[in-house]
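Student: next one to model:
(chains A and B)
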Amino acid sequence: MAGNWLLPAETTTSGRPVLRPGEVEFSLQPSVDLVNEENPNFPTFKSGLLILTTYRLLWLPNPESTTSPSSSAAVSVPLAAVTHIFQSKRSIKGMFASPRVRFQVSVTPEGRVQERGSKSMVITLVLRGKSDPDSFLGKFWEAWRGKAWEGSVSGSVEGVEGPGSLGDGGGSSSSDTGLALKMPVVGVSGILRKEQEMWESTDKSLQDAFQDLNALMNKAKDMVMLAEKMRQKLLSGSNSQANVTNDEEMGSKEEMQDWLLSVGIVSPVTKESAGALYHQQLSRQLADFVKIPLEKAGGIMNLIDIYCLFNRARGTELISPDDLLRACSLWEKFNVPVMLKKFESGVMVIQNKSHSDEEVFSRIRSLVQKPDALQTGVSATDAARTLGIAPAMAKEHLLAAESKGFLCRDVSPDGFRFYVNIFQDIDPNDEYLVKEYGVYDAWIRATIASR
Amino acid sequence: MRRRAGIGGLQNAAAARDQYRLLGENVARLRTDLMKEQLSTFRSQLEDFARKHKNDIRKNPAFRSQFHEMCAKVGVDPLASNKGFWAELLGIGDFYYELGVQIVDVCLATRPHNGGLINLEELCKLLSQRRKGAREVVSEDDCLRAIGKLKVLGSGFEVITVGKRKLVRSVPTELKKDHNEILELSQAQGFVTGEEVERRLSWSTGRATDALETLLDEGLAMIDEGHRDGKRRYWFPCVSSVSSFVASETI
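Tutor: Predicted structure coming up:
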């Protein structure tokens, strides 16, 4: 099967790759071809988006060239399967052709990319975009050598304050495991001693890790685990000792839960990684991100709230309000389920497309066809109460429905009132003709009944 | 262990149990104290790093995600840029953007209590609490400048002046449910007074005034200053038509 020599990759509805836990994007390259030069029988992948992550090389088809959202066409090469990356050769010929990056991967005898496959194959990346091939090659090397996937495969590394971390001599935690097992924990004193050692080792690892930035980078994984443990203990500790009302403790607990701080986006799109594709990719990432908060907020949200939530999820990788606005305005080009809406007052909101006009109109239509409303009409306030939205918003919707011809307005001292439009049911040639089961018919019945 | 018989044995066992319990409690208390101490060290170190090595952290995507995770887990805000000279002078740099995000964060967090209307003073106080790691105090002027940066995202976020105080409104009229509550309240009599709104819905004066003024602007309310008690009444003809009230009063 030459068709699936690469592994398939998942994408989200807005065309962003689905990353694995802990996977982070390194670099994005536009219009890249994937070619197998040794065996031209294999299908080539033309002019797609190449994404280098800490775990994989992902190739996504160009959304503009493919008509259908063929998410299944996205493919990946695990970096673990890469056995060699060739240095680029400079030649006269290379000055005119698009830069190429070659690397060797291990494959199964059938020619499928796999870790530790028995055969090998050379894949060529043809970079047609206006990007710097050398910097990409550098990042490729860095990601490949970083071997970030190994940590994720072998599961969680041992905890910092686990039994293994006696921490004498500052050795790595895993190598001390044997020593820990030799020391028997006997009786109360044993337990106490163990506690003591645990605290000392935690203290020490904290000290070590925060010496300078490089130390922290090396110990990052352990520190993340330590943070998680502290959090768990603090949260569970104050629950179990509910009778001990310690103000300080409650304060810090609240601090942890109250904040919107969250690592919602592990791999934020940045200018550095995405380059020219920045706004386009940002737009897609944003579309994926807003789904959950929108659902919680009932399908509509202030753009500024989104700005805060999105930036919070991105951590230190802040985007400016202008970038957010550009990302939102790009949605019109993509097939995403959300949209930006601007009110006349200048307020901008993000809403689900399903939440938009069609659904609201159908609810307004059913509202104005109730017997009461047929006689007295509805005001913006009535609509607001029934639809569960603010009056100002309800008025907008009613006016929009009016402009579509569903409603007619009546202006009186009581204010604006809207009635169902029965003009469209009246036949201009025979105004006395009442079609059965039409709105006109229903209106006549309601009027007669009230007399 | 051999079990000893008699009252003496029982008393011994009880005493031992007590001792163990006491010890256990002590250890537990010690443990919590120690952990709190370590946690605060952890936090202050992270805050320091976030401030000092911001650019280095951002350069390395893999480490960045780990750093964020640490911050989120122990409750440290990774946004801690110093204002610096250029930010103060020209409004450039990340400081005001970061502050903007934090301001919206505070507004979102307090929204359940205040309905999206917060006193600027209070906002500054809450911000300073959260930025206690940073040495600089956040002034009201800083807040106003940071809010100004959000203008691009529509007019949903604004500073309004009620009396002498400045209030920050984070919920635009289009998305505000406060008005619905007032209308609900007015159904009983056809009108409400500001006082009544504050009392019945237990809102602050600013929140009530703001909501009533907006309803007035929208043309949903009419005011009546001429009543005997001297309190301004807001009538809502849209809730139930005026004529029906006139009729019921004359009868």
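
Student: now check the helix or strand where B:Glu47 lies, is it near chain A?
Tutor: Assessed by DSSP states H and E, B:Glu47 sits inside helix B:6-52. Yes: contact of helix B:6-52 with chain A (C-beta under 8 Å from any C-beta of the partner chain) involves B:20, B:23, B:27-28, B:30-32, B:34-36, B:38-39, B:41-42, B:45, B:49-50. Quick note: C-beta positions are derived from backbone N, CA and C, even for glycine.

Student: who does the longest strand out of those in chain A touch, helix- and strand-wise?
Tutor: The longest strand of chain A (DSSP state E) is strand A:25-35. Contacts defined by 3 or more C-beta pairs under 8 Å, 6 or more residues apart in numbering or on different chains; DSSP states H and E place strand A:25-35 against strand A:45-53, strand A:119-127, helix A:133-146, helix A:271-274.

Student: worst average pLDDT in the ones you listed?
Tutor: For the helices and strands packed on strand A:25-35, mean pLDDT drops lowest on helix A:271-274, to a mean of 74.

Student: ok, the helix or strand following that one near chain B or not?
Tutor: Once the chain leaves helix A:271-274, the next helix or strand it forms, by DSSP H and E, is helix A:278-296. No: on the criterion C-beta under 8 Å from any C-beta, helix A:278-296 is out of touch with chain B, staying 10.4 Å away.

Student: do the same with stretch A:369-388
Tutor: Yes: counting by C-beta under 8 Å from any C-beta, contacts between stretch A:369-388 and chain B involve A:Ser379, A:Ala380, A:Thr381, A:Asp382, A:Ala384, A:Arg385.

Student: tell me the contacts of the second one?
Tutor: Just to be clear, that refers to A:Ala380. By C-beta atoms under 8 Å, 6 or more residues apart in numbering or on different chains, the residues touching A:Ala380 are A:Pro391, A:Ala392, A:Ala394, A:Lys395, A:Leu398, A:Phe416, B:Leu220, B:Cys238.

Student: and stretch A:308-320 with chain B, contact?
Tutor: Yes: contact between stretch A:308-320 and chain B is present through A:Cys308, A:Leu309, A:Asn311, A:Arg312, A:Gly315, A:Thr316, A:Glu317, A:Leu318, A:Ser320 (criterion: C-beta under 8 Å from any C-beta).

Student: and that stretch, how far apart are its ends?
Tutor: 11 Å (C-alpha to C-alpha, to the nearest Å).

Student: closest one of the residues of stretch A:369-388 next to chain B to A:Ser118?
Tutor: Nearest to A:Ser118, judged by C-beta to C-beta, of the residues of stretch A:369-388 next to chain B is A:Ala384 at 69.1 Å.

Student: excluding chain neighbours, what is closest to that closest one?
Tutor: Nearest residue to A:Ala384 in three dimensions, chain neighbours excluded: A:Ala394, at 3.9 Å (C-beta to C-beta, 6 or more residues apart in numbering or on different chains).

Student: from the chain's centroid, how far away is the helix or strand that neighbour falls within?
Tutor: Using DSSP H and E, A:Ala394 falls within helix A:391-403. With C-alpha atoms, centre = their mean, to the nearest Å as the basis, helix A:391-403 stands 33 Å off its chain's centre.
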